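> kindly generate the corresponding structure for this input.
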Amino acid sequence: MKYFKFLAIIIATAFLPACYSPKILTNSDFSNSSTPADSIIANMPNYQNFKTVKGRGKAIVSEPDNSSHISIRFAANRNKSLITIQNSLGIKGGKILSTPDSLVIYNRIDNFIRIVPVGESRYSRINDLASVNLVDILTVPVSLKKVDKIQENKNLYLLTLPNNAKVFINKDDFTIQQVDQSEITQALYSRVRYEGYKKINGFSIPRRITIFSTDGSSKVSLLIQSLQINTAIGELEIEIPEDIPVYRK
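Model (predicted):
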């Protein structure tokens, strides 16, 4: 159980006030649109040159029977993410390294390393969220190369992709407001909700992000406090102390 709670804490990336609960967007009030998909996508923010990110923030990890508040520092490129956890007393609890294949979790409190394959969900209801790369989640987390359906309402466009993912886009600035993958069986998350966009180094970046687990019962609420884009981040690795237990799965 200690491991479960630690993993729930360690997967976060940035944060929000405890009372914050984002409005989930649905497709209930949308109708078919005549606007071409190419026109919508061409107007969306361009993240092609977004390569690395580092910063700090606060997060709330909420599960049905547990809620954790933490501070974090993070660094990521398009291949790896490294997160360092610190509690409200300034005590560092550990690190998590996310790669395309695995999660390497360093629990400094209980003094062990655990290596978990990506998508392995036995250890926590929200384990899958740890697999989300920070660069991917801050930019466009889905492929928009092909769109099956285009709908709209007064404020938003809704693009439905061939795999049934749904992308909600603001009509004013063409930023993504929500990605819904709840109909995709092997998705790492069900929804990501984006709010509070700001311009940073020429990129439109959401300052508030909420990631929902595949079953929708758990979420990570993120508030980015500081952010640097395309700066040197060094090697993204965890230095494993000698004689520390290493567990797999």
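> just confirm residue 199 is within a strand.
Yes. Under DSSP: H, G, I helix; E, B strand; the rest coil, residue 199 falls within a strand.
> got a list of what it touches?
If a contact means Cβ atoms under 8 Å, 6 or more residues apart in numbering, then residue 199 has residue 205 as its contacts. Quick note: C-beta positions are derived from backbone N, CA and C, even for glycine.
> what does the one 10 residues further on give?
Residue 209 makes contact with 13, 14, 137, 138, 192, 193, 194, 195, 221, 222, 224, according to Cβ under 8 Å, 6+ apart.
> and it, how close does it get to residue 109?
As judged by Cβ to Cβ, to the nearest Å, residue 209 and residue 109 stand 26 Å apart.
> circling back to that earlier point, residue 182: which of the contacts of residue 209 is nearest?
Nearest to residue 182 among these is residue 192, at 11.1 Å by Cβ to Cβ.
> the closest one: how many residues sit nearby?
23 (other Cβ atoms under 10 Å).
> same question for the one 4 residues further on.
A count of neighbours around residue 196, defined by other Cβ under 10 Å, yields 12.
> that one and residue 65, how far apart?
Taking Cβ to Cβ, one finds residue 196 at 29 Å from residue 65.
> distance check, residue 67 against residue 229.
For residue 67, the distance to residue 229 (Cβ to Cβ) stands at 30 Å.
> these two: which is more packed in?
Higher neighbour count among residue 67 and residue 229: residue 229, with 19 against 12, using other Cβ under 10 Å.
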